[in-house]
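Chemist: pasting the sequence and the predicted coordinates here, then a few questions.
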Amino acid sequence: MTKTMITNGVLIDGTGNNPIQDAVVVIENEKIIYAGSKTNYTERGDEKVLDVKGKTILPGMIDSHVHMTMEYAPLEERMSTPFSYMFYKAAEYLKATLHAGVTSVRDALGTDYGVKKAVEDGLIIGPRMQLSINALTITGGHGDGYTVSGNEIDLMPSGYPGMPSGKCDGVAEVRKKTREILRAGAEVIKVHATGGVLSPTDHPEFTQFSLEELKAIVEEGRFRKNVKVMAHAQGAEGIKNAVKAGVHSIEHGIFMDDEAIELMLENGTYLVPTLLAPVAVLETAEQVGMPQTAVDKSKEVIEQHKISFQKAYQAGVKIAMGTDAGVMKHGTNLRELGLMVDAGMTPMDAIVASTKTAAQCLEWDKQLGTVEAGKLADLIIVEKNPLEDIYSLAHNDQIKVVIKNGKIEKDIR
């Protein structure tokens, strides 16, 4: 049996408890068998010692909203790139994400089961994934690539084996489409309950799907051993419809009002804010050829996004970190923590949102999210203490060691 003892570090275990100085974490095979103070651990002599020399030990970070097989690119590039090339690029994105300290992700559309299997079988490296396969969307809504020219230019290809189209209208059709998505291997159902920033023919406040359609989607998930539903929802009415229908998490939540927040608290609904998404649209607009409509909408929503986040956080809504990576470059995920702190969250709460709460949102908290005995050994070792400098996590050269399932995937000490 392989046993590794990480020693001489500061442990922030993801629970929200105070850091443990001079901590020890012991890994046997893929699991943690001890985590705590060095004074409470007796060495047996058979451990391989990893001395981190005062660096900080954290749980592997969890990004609850990514798109692992895409990265926004100029239209000409997208139109001239062969279909299968995206899978080779995905291998690069997966590696960048893992090396940024993100050991688990929830893919919010675009990644099929074959990509997940390639990671699980060791053909490529990357974070563990929870898949939505594709997102359900109405005709003319967010996710419909129809443009004012009459051409359809989707961000992600669909309709190929393993990737059903997500377009559907009416209760009977959404039931069938949900079943198709589940058949393709969805572990969470993604639905577009409102318009969005990147869609060409709608607005973030536009409501999509009726309450009855949303309830049908949630019901279909419940029939399949309680598969949860995540809802892209930016406008207040769409957020409230989604929560009333029983969705598990609200993605983005830009225009949340007080009633929406109260409903989320009553129902235990998670918020995955993705503060980085509109920021990245503005930062990269010229470089990647963002349409002017997306730029204009990002400028419109960015301050409101912060206000809604602050209100939800202060009210006690459960917040799980997510980024919308793919809209921006993969491997920049941990910028989100600094943005959450800028919007009023404490550094410790930002870490908990990215570990323990995110694991709860994905319903993986029995195995992941905190550094505790019995859990899978997903850990990162970082140069600085993020409680003192949360922004340091955004720099990948500060992520010195990444361990997933007890295996060292990155070591640049």
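Modeler: Great, that's in hand. Being a predicted model, the structure only gives us computed values, none of them experimental.

Chemist: which residues sit against the helix-or-strand element of the chain with minimal mean pLDDT?
Modeler: Least confident helix or strand of the chain, by mean pLDDT, DSSP states H and E, is helix 75-79 with a mean of 82. The contact list for helix 75-79 (CB atoms under 8 Å, 6 or more residues apart in numbering) reads 153, 289. Backbone N, C-alpha and C define where each C-beta goes, glycine included.

Chemist: how about it: buried residues?
Modeler: Residues of helix 75-79 classed as buried: Arg78 (neighbour count, 16 or more other CB atoms under 10 Å).

Chemist: let's number from 52 now, not from 1
Modeler: Shifting the count to begin at 52 puts that one at helix 126-130.

Chemist: what comes up buried for the next helix or strand after that helix?
Modeler: Next helix or strand after helix 126-130 toward the C-terminus (DSSP states H and E): helix 136-150. By neighbour count with 16+ other CB under 10 Å, helix 136-150 contains the buried residues 137, 140-142, 144-150.

Chemist: same list (the residues you listed) but as JSON lines, adding pLDDT and distance to Lys458.
Modeler: As requested, the buried residues of helix 136-150 are arranged in JSON lines below (pLDDT from 0 to 100; distance: CB to CB, whole Å):
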{"residue": "Met137", "pLDDT": "94", "distance to Lys458": "27"}
{"residue": "Lys140", "pLDDT": "97", "distance to Lys458": "24"}
{"residue": "Ala141", "pLDDT": "97", "distance to Lys458": "21"}
{"residue": "Ala142", "pLDDT": "98", "distance to Lys458": "18"}
{"residue": "Tyr144", "pLDDT": "98", "distance to Lys458": "20"}
{"residue": "Leu145", "pLDDT": "98", "distance to Lys458": "15"}
{"residue": "Lys146", "pLDDT": "98", "distance to Lys458": "14"}
{"residue": "Ala147", "pLDDT": "98", "distance to Lys458": "18"}
{"residue": "Thr148", "pLDDT": "98", "distance to Lys458": "16"}
{"residue": "Leu149", "pLDDT": "98", "distance to Lys458": "11"}
{"residue": "His150", "pLDDT": "98", "distance to Lys458": "14"}
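
Chemist: for the longest helix along the chain, packing partners?
Modeler: Selection of the longest helix in the chain by residue count, based on DSSP state H, yields helix 343-366. Here helix 343-366 is seen to pack against helix 309-318, helix 327-339, strand 369-370 when contacts are counted using 3 or more CB pairs under 8 Å, 6 or more residues apart in numbering; DSSP states H and E.

Chemist: please compute how far the first one lies from its chain's middle.
Modeler: For helix 309-318, the distance between its averaged C-alpha position and the chain's averaged C-alpha position is 22 Å (CA atoms, centre = their mean, to the nearest Å).

Chemist: same for it, what does it pack against?
Modeler: Using 3+ CB pairs under 8 Å, 6+ apart, helix 309-318 is in contact with helix 287-296, helix 343-366.

Chemist: hmm, try it at 6 Å
Modeler: helix 287-296 (3 or more CB pairs under 6 Å, 6 or more residues apart in numbering; DSSP states H and E).

Chemist: buried residues in the helix it packs on, which are they?
Modeler: By 16+ other CB under 10 Å, the buried positions in helix 287-296 come out as 287-294, 296.

Chemist: how about the CA coordinates for stretch 257-264, as CSV?
Modeler: Taking C-alpha atoms only, stretch 257-264 is exported to CSV below (Å, rounded to 0.1, in the frame of the first residue of the first chain):
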residue,chain,number,x,y,z
PHE,A,257,-36.5,37.2,-21.0
THR,A,258,-38.4,34.2,-19.5
GLN,A,259,-38.0,30.8,-21.2
PHE,A,260,-40.1,27.7,-20.6
SER,A,261,-43.4,27.8,-18.7
LEU,A,262,-43.7,26.7,-15.1
GLU,A,263,-45.4,23.6,-16.3
GLU,A,264,-42.6,22.8,-18.7
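
Chemist: returning to what we had before: list the buried residues in the longest helix of the chain.
Modeler: Those would be 344-346, 348-349, 351-353, 356-357, 359-360, 362-364, for helix 343-366 by 16+ other CB under 10 Å.

Chemist: repeat that for stretch 247-261.
Modeler: In stretch 247-261, counting by 16+ other CB under 10 Å, buried: 247-250, 253-261.

Chemist: out of the buried residues of helix 136-150, which is nearest to Gly192?
Modeler: Distance to Gly192, by CB to CB, is smallest for Met137 among the buried residues of helix 136-150, at 23.5 Å.

Chemist: next one: the closest residue in space to the closest one that isn't next to it in sequence from Cys412, what distance?
Modeler: Excluding the flanking residues, the one nearest Met137 by CB to CB, 6 or more residues apart in numbering is Thr120, at 5.4 Å. Distance of Thr120 to Cys412, computed by CB to CB, to the nearest Å: 22 Å.
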